[in-house]
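K.L.:
this one's sequence-less:
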């Protein structure tokens, strides 16, 4: 079976880069895969490249690690394209929240719903679609795995206007488990949940306490 090629666009992000690396280098099915890191910030790209090399060596994963600021160099032959790009996320996010609030529109974050998310979508989706058009040309069979917000709107846009297979991913289920544990006054590891959904539409289906003997540190 051919080892997959993974292209990670926005790999310079510490917020998404580190947990994505952790998942990749801990997955035995990805041993020997090619991981191409892409970011337009050369300093961030180099830092994450060096980190990937260290994690690759420590995990014994045997991945082939590449880096480039030009995504079109990385995309040919890709099986999976991970996207976590953001355009001046923190600074512009403040405007997405504050401008609607100034005119009496209250929302929780202004990132994934309401007028704030509309602004966010209008500046992000065109960049995403540029990537998708490159994928249609260079790796049309690849999956586009999106972490960028507004999650639902980006996934909807890609699926409406491209044949590229697109899925939106989020750590929301794990956040829910942590929040449920806080509400119940329990340790995170002492409960387990089952959940369904993706693309920022997720439901917790059940919550169960784990037997004490299976909780790390209690045996």
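P.N.:
Okay, I see it. Predicted model, so just to flag it, every value in this text is computed and none were measured. Numbering: from 1, shown residues only.
K.L.:
and residue 167, how far from residue 13?
P.N.:
Distance from residue 167 to residue 13, counting by Cβ to Cβ, to the nearest Å: 19 Å. Using the backbone N, CA and C atoms, a C-beta is placed for each residue, glycine as well.
K.L.:
likewise residue 28?
P.N.:
25 Å.
K.L.:
and these two? Which one has more around it.
P.N.:
Set side by side, residue 28 and residue 13 show more neighbours around residue 13, with 21 against 8, by other Cβ atoms under 10 Å.
K.L.:
tell me the contacts of the more buried one?
P.N.:
Counting by Cβ atoms under 8 Å, 6 or more residues apart in numbering, residue 13 touches 39, 44, 84, 85, 86.
K.L.:
so which of those residues is the most crowded?
P.N.:
Neighbour tally across these (other Cβ under 10 Å): the maximum, 25 neighbours, falls on residue 39.
K.L.:
what comes up buried for the helix or strand bottoming out on mean pLDDT in the chain?
P.N.:
Of all helical and strand segments in the chain, the minimum by mean pLDDT, DSSP states H and E falls on helix 89-102, at a mean of 78. Using 16 or more other Cβ atoms under 10 Å as the test for burial, helix 89-102 gives 89, 92, 93, 96, 97, 100.
K.L.:
using the three-state scheme, assign residue 50.
P.N.:
Of the three states, residue 50 takes helix according to DSSP: H, G, I helix; E, B strand; the rest coil.
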